[in-house]
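Undergrad: Got a sequence here, can you build the structure:
(3 chains)
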Amino acid sequence: MSLANRSLTAIDDLSNEEIEAIFFLADEMSDSIREQTEVCRGKLMASLFFEPSTRTRLSFEAAMHRLGGNVISAVDIGATSLAKGESIADMAKVIGSYADIIVIRHPWEGAARVVADYAGVPVINAGDGSHEHPTQTLCDLYTLKKERKTIKGLTIALWGDLKHGRTIHSLAYALARFGATIHFRPGPGLELPEHVIKKLTTEYTGRLEKYDKLDGALKGKLLPLDAIYITPSVPHQLANIPDVSVQVELKTGLDALYVTRLQKERFSTTAEGKELKDSYPVVDKKLLEEKEFKETIVMHPLPRVDELAHEIDADPRSMYFKQAERGVPARMALVALVLGDRKVDIAKPKAPPTPKIDYPVYKRDSGVRCHNPSCVSTQATETKYIKPEFKIVDLKPLTLRCIYCEHEVHPPYIASLEWHEGKIDTKKYHSADSRWVEKIRPDNLIIFDSEKEAQAQGFKPSHYATGKE
Amino acid sequence: MSLANRSLTAIDDLSNEEIEAIFFLADEMSDSIREQTEVCRGKLMASLFFEPSTRTRLSFEAAMHRLGGNVISAVDIGATSLAKGESIADMAKVIGSYADIIVIRHPWEGAARVVADYAGVPVINAGDGSHEHPTQTLCDLYTLKKERKTIKGLTIALWGDLKHGRTIHSLAYALARFGATIHFRPGPGLELPEHVIKKLTTEYTGRLEKYDKLDGALKGKLLPLDAIYITPSVPHQLANIPDVSVQVELKTGLDALYVTRLQKERFSTTAEGKELKDSYPVVDKKLLEEKEFKETIVMHPLPRVDELAHEIDADPRSMYFKQAERGVPARMALVALVLGDRKVDIAKPKAPPTPKIDYPVYKRDSGVRCHNPSCVSTQATETKYIKPEFKIVDLKPLTLRCIYCEHEVHPPYIASLEWHEGKIDTKKYHSADSRWVEKIRPDNLIIFDSEKEAQAQGFKPSHYATGKE
Amino acid sequence: MSLANRSLTAIDDLSNEEIEAIFFLADEMSDSIREQTEVCRGKLMASLFFEPSTRTRLSFEAAMHRLGGNVISAVDIGATSLAKGESIADMAKVIGSYADIIVIRHPWEGAARVVADYAGVPVINAGDGSHEHPTQTLCDLYTLKKERKTIKGLTIALWGDLKHGRTIHSLAYALARFGATIHFRPGPGLELPEHVIKKLTTEYTGRLEKYDKLDGALKGKLLPLDAIYITPSVPHQLANIPDVSVQVELKTGLDALYVTRLQKERFSTTAEGKELKDSYPVVDKKLLEEKEFKETIVMHPLPRVDELAHEIDADPRSMYFKQAERGVPARMALVALVLGDRKVDIAKPKAPPTPKIDYPVYKRDSGVRCHNPSCVSTQATETKYIKPEFKIVDLKPLTLRCIYCEHEVHPPYIASLEWHEGKIDTKKYHSADSRWVEKIRPDNLIIFDSEKEAQAQGFKPSHYATGKE
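TA: Residues are numbered from 1 along each chain as shown, chains lettered A, B, ... in the order given. Below is the predicted model of the structure:
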């Protein structure tokens, strides 16, 4: 399989082997970064940033220039005609007819996917709201690979704000896919959200061991271990001894400490953010003297605020500036590959890959909509042409995952297309937690957001509409 | 005549043959768009957008990059030092000394002309207020040419908001020049302004046949025909039968339907805009089933809002995305030609061209000024060096057309330089609608905005000052 | 000494001979400006403008493109993530890993120096608050050199607002270094600040002769001579006759008249600015008819507002547009040299250069901080890693000059490290204007901003703490 003409809207768009292939080329680019100026000669990148992000934008644009390509750039275009009443599908078609590749950052979750659907050229997601930022994950993995040769079998601690921030969630999934062990060490109240844990354990099929907060570990500003994720590819002793002392585990030492900043801007009140900020841990010289960090590389997606002390910048374990630097060759490799200007061999999977679950799809014009107000599929300008579409990821309780933003909804009512065809008077709807949910074939399933809507479509409540059988 | 070193501030800056030459080169560019990277190698475009317009800007910048040139770009520069108290003539001189070509969008009408006067390099108008947007017209004509081989003899309907929006007026003039028949099908209250009609019939010497609104034609959302413009180059049967049934005419079918969006931003009140929006017609699948649209290509300058239904995007008659796409090769051709980096043969006019009317010029330091508050010639920073200048386009009533913004003024008082030279006591001013207006030689004409001004310059009212002879 | 890998944060970073070498290359660039496209092929400039400045930015970006290099550009980034809580040192490191050279404008004084300290690539200061704008000075000198062959021995009048505006102060120092005589002709209340005069006379070792305002010279709008700066390299008759008539001196004529606009934005009240604006002189045709201006070139850093009449634009003495134009080859030369893509011979100083004064350095973590609220060293995000650092430029009164913004502080209290080492009870602080200030070795000097601070560090007031001996 080739990467040419492919879009990257989520890190899962790439197989492990494709990611390895990108890193292989990134190494080559990195070794002779100023000698790549013929690779994309004559090609044009459109860099569209509907949200401010100077750092990511400049990294992409630098990558394109290093490849000898050119860039047309639109920054902070929320206020311009591109956004004013025009759908992003239209924008995608037009800009896709100007440029050979589109890099887009947009506040709506799933926006990059829609752009990719319509642009006619490869599209790279440079961040779509709180959804995905796949090239950040790519750069993170690349630094791990460079510093530790392989990702499989590494032990990596995710540290700080694990609740907010797309990069940390994407990274967790990617580490799971590559077979790393993950230590979650959140700040107080900043634990990994439930849906991320669920996805890690069901879709990436690993095991998550929760730990009680160990007061012993909370000396100074050291964040305690909250949970360990053990990938199925690394049969781990701990897996069988769930109550093993954390201290014992920690003695083996970490390969990497991935520090995140507090996503202040995600808090509803300034007061809440302020309090968390004050208790937010700082990784400093003293902390890095802990035995478990002896051989640990320190990573951070940047920008940092106060969570990394300047005093450790010169420490050879500090990798965050190298991480940023390596973003350029990593993005160069990606761009050159999707533009078809470079080709690399992509290995066949040696071991069977993590089995992808083939969830049934739910796609009907009416009935249920994504509830996420930031989802691209719910925006006034986009509903004209985007039909709601979900994966049915669970039946008990009935859980739909929006294919655009990946938020989940739990709709309360269902019906079957089959039973009632043509027979208006027998059109009945049931509670989604009644036993019928498992009896209706996915193909025939009709799902409603409310009783009102079910009735508007001509359905009447069944005995099971209230969920009491 | 060569296009090298020429500026394009209005579509009339180009002859029909020059436009055809640009299209000829655009075809060549279009066929090998990624192989033009040596054409403008080493040349530099300054892209100056004093108003937001991501789409047009990116199209120009893409064109320059495709030609192998470079771009320096300033976006939304209303707030910067370029605008702060500095005249646009100064800005033009400075940027003209940095770059080889300037593309400018500016809110002041006539601004591009002033920039062209001072820059010392070719200047392309990318929109100056409500005045002109000549490359949009160029792209529109180019799509007509590509799809229909020739523009002469086509029947094209202009549809929707014909009142606001420079593109529609410029397009009407250009279609007239090329010998097309134009059907005006405005939304209610959105008819073509009087001055456009006047210019079409006097300067482009065609005939305009008005139609009563035909209730019969107003089925569904179909806009009725308001008027047909018949060019002198296409002696048209209808010309002799002004009251012929519209339905009959329509049966011949349209070559193109040019749809426009409602220019909401031009309405003084939101309420007025809202009402018009609700009644604004939508071109959809159903409408295109009308017999008259069977072979009709659908065009639109984009961005669309709701006036084109997404459902027709896949219809082979829908040309609006191709129109946008073709903007790049069309602009490439234009840029390469004015930079002198490409040359093409420009045909000699086969038929005598539409005779350009040589209106007398009125240019005096004092007396009368343009009344258009958006005209470049009336701005505080520009009056220091721009002298008012008008064409005298009519005498009854006395009508001056500003050479910058092309708005017309009807000044109330006149005098003659000749009669009164040296004789202060006999310096008299007359009403502009007195018979004297035709007796004074244009060279000697002095025109006043008010009696106060005439008197301030030492003139006294004549018997004809009140217009009563 | 080579210019490769050098940063330019202040005009004094370059020796006279290095400046001459840049001009030598600029001449070559200027002669074949469109044939330099291979010089910086494959190199990347990051153009970072934290304050609006379209003109300067476009000049730099044009220069880079003319050299065949590429540009990544971030404009008006005050609001973006680059600034949000991140230190400029971090920003410098990251962008320095993307690009080969950084051009930066920033509102904080001394910011460019900090960026240069951390970027790892050459950094060019495109204006840091009211501190420096060295390439403007370079362009000014370049025009003088081009028009007058040499700068040494020229007589140049600085005209207008000499109080505000970094360019005028930097230019004065640079003219002094090159051995020009400077006539200061300020508008009323717009005289050169005291600290500039002091620096001119002490560090550039010239002599400043003040003149009483001569009512006779103030005919029309002609600004009177306020002072003449006579460089030591030009033993000047006037130096010995301080009360010589100004008119006599003026008869020799000026080589250049450097006009500045009123820096309206620097006034605290609009009223004050308004009043000064009304009395601000205009250089017009009539003024240039004065005998002393017969051979005088008229310069201006642009943008002008009203201080240069448009009517003199065509005058062969008017050089301001050429000045702007020459900014491009001058910047091309600078960029090519610091990138190491071009080399030129740099002459050895023929005459001994102006002796640089080697002031002792004061650098302690605590004690005294720069008082300039715009200084980079006092910003909340920067104090985490920037230690205060000063030159001790005077002892009577004790005067520290911040190495970042070059503002001076006069701290009130001092102590000695030596006397008190280990002996807490004898730790005494003294008034900075006591005789002790000269007795303490600079190495041992401790300086305090306040008594409170001295006491907080364990010092007690000495008999000399009050300054009364």
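Undergrad: any idea of the mean pLDDT for the strand or helix carrying A:Lys286?
TA: Per DSSP states H and E: A:Lys286 is located in helix A:285-288. For helix A:285-288, the mean pLDDT works out to 94.
Undergrad: same thing with stretch A:74-93?
TA: 78.
Undergrad: Contacts for the strand or helix carrying A:Lys93 next, please.
TA: Following DSSP H and E, one finds A:Lys93 within helix A:88-98. By Cβ atoms under 8 Å, 6 or more residues apart in numbering or on different chains, the residues outside helix A:88-98 that reach it are A:44, A:46, A:48, A:72, A:82, A:102, A:106, A:108, A:111, A:114-121, A:123, A:376, A:381-382, A:385-386, B:55, B:58-59, B:62, B:302-304, B:310, B:321, B:324-325, B:328. From N, CA and C alone the C-beta is placed, and that goes for glycine too.
Undergrad: Same question for stretch A:274-288.
TA: A:159-161, A:187-190, A:220-223, A:257, A:259, A:262, A:264, A:267, A:293, A:296, A:298, A:306-309, A:311-312, A:315, A:317.
Undergrad: Count the residues that sit near the closest residue in space to A:Tyr320 that isn't next to it in sequence.
TA: What sits nearest to A:Tyr320 in space, not counting adjacent residues and going by Cβ to Cβ, 6 or more residues apart in numbering or on different chains, is A:His300, at 4.0 Å. A:His300 has 23 neighbours, counted by other Cβ atoms under 10 Å in any protein chain shown.
Undergrad: Check the one 3 residues further on too.
TA: A:Pro303 has 20 neighbouring residues, counting by other Cβ under 10 Å.
Undergrad: and the gap between it and A:Thr56?
TA: Counting by Cβ to Cβ, to the nearest Å, the gap from A:Pro303 to A:Thr56 is 11 Å.
Undergrad: cool, A:Ala432 as well?
TA: 40 Å.
Undergrad: Contact partners for the closest residue to A:Thr381 other than its chain neighbours?
TA: The spatially closest residue to A:Thr381, leaving aside those adjacent along the chain, is A:Ser87, at 4.9 Å (Cβ to Cβ, 6+ apart). Counting by Cβ under 8 Å, 6+ apart, A:Ser87 makes contact with A:381-382, A:384-385, B:310.
Undergrad: closest to chain C among those residues?
TA: Distance to chain C, by Cβ to the nearest Cβ, is smallest for A:Thr381 among these, at 24.8 Å.
Undergrad: Give me the secondary structure label for that closest one.
TA: Following DSSP: H, G, I helix; E, B strand; the rest coil, the label given to A:Thr381 is coil.
Undergrad: same check, this time on A:Ser377
TA: Quick answer, by three-state DSSP: A:Ser377 is helix.
Undergrad: In terms of pLDDT, where does it sit?
TA: The model's pLDDT for A:Ser377 equals 95.
Undergrad: That one: neighbour count?
TA: The burial count for A:Ser377: 24, using other Cβ under 10 Å.
Undergrad: show me the contacts for it.
TA: A:110, A:369-370, A:383, A:386, A:388-389, A:402, A:404-405.
Undergrad: List only buried entries from the residues you listed.
TA: Neighbour-count burial (16 or more other Cβ atoms under 10 Å in any protein chain shown) is assigned, among the contacts of A:Ser377, to A:110, A:369-370, A:386, A:388-389, A:402, A:404-405.
Undergrad: Pick out the most distant pair among those residues.
TA: When Cβ to Cβ is used, the two most widely separated members of the buried ones among the contacts of A:Ser377 are A:Gly110 and A:Arg369, lying 12.9 Å apart.
Undergrad: got the residue ranges for the helices in the stretch 251-400 of chain A?
TA: Along the stretch 251-400 of chain A, counting by DSSP state H, counting those that start in this stretch, helices occupy A:270-279, A:285-288, A:320-338.
Undergrad: For the second one, buried residues please.
TA: Meaning helix A:285-288. Buried-residue list, helix A:285-288, by 16+ other Cβ under 10 Å: A:287-288.
Undergrad: Kindly export it (C-alpha atoms) in CSV.
TA: Provided in CSV are the C-alpha atoms of helix A:285-288 (Å, rounded to 0.1, in the frame of the first residue of the first chain):
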residue,chain,number,x,y,z
LYS,A,285,16.3,19.3,38.6
LYS,A,286,15.3,17.9,42.0
LEU,A,287,12.5,15.7,40.5
LEU,A,288,14.8,14.4,37.9
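Undergrad: where's that helix relative to the chain centroid, distance-wise?
TA: Offset of helix A:285-288 from its chain centre (Cα atoms, centre = their mean, to the nearest Å): 30 Å.
Undergrad: Single out the residue in the stretch 251-400 of chain A that lies closest to chain B.
TA: A:Tyr385 (4.3 Å).
Undergrad: That residue against B:Ile312, yeah?
TA: No: taking contacts as Cβ atoms under 8 Å, A:Tyr385 lies outside contact range of B:Ile312: 11.6 Å.
Undergrad: residue boundaries of the strands in the stretch 351-469 of chain A?
TA: Secondary structure of the stretch 351-469 of chain A (DSSP state E, counting those that start in this stretch): strands located at A:361-362, A:390-395, A:398-402, A:408-409, A:413-416, A:428-431, A:445-448, A:460-461.
Undergrad: returning to that earlier point: thought the residue nearest to A:Tyr320 was touching A:Asp306?
TA: No: A:His300 lies out of contact with A:Asp306 (Cβ under 8 Å); the separation is 11.9 Å.
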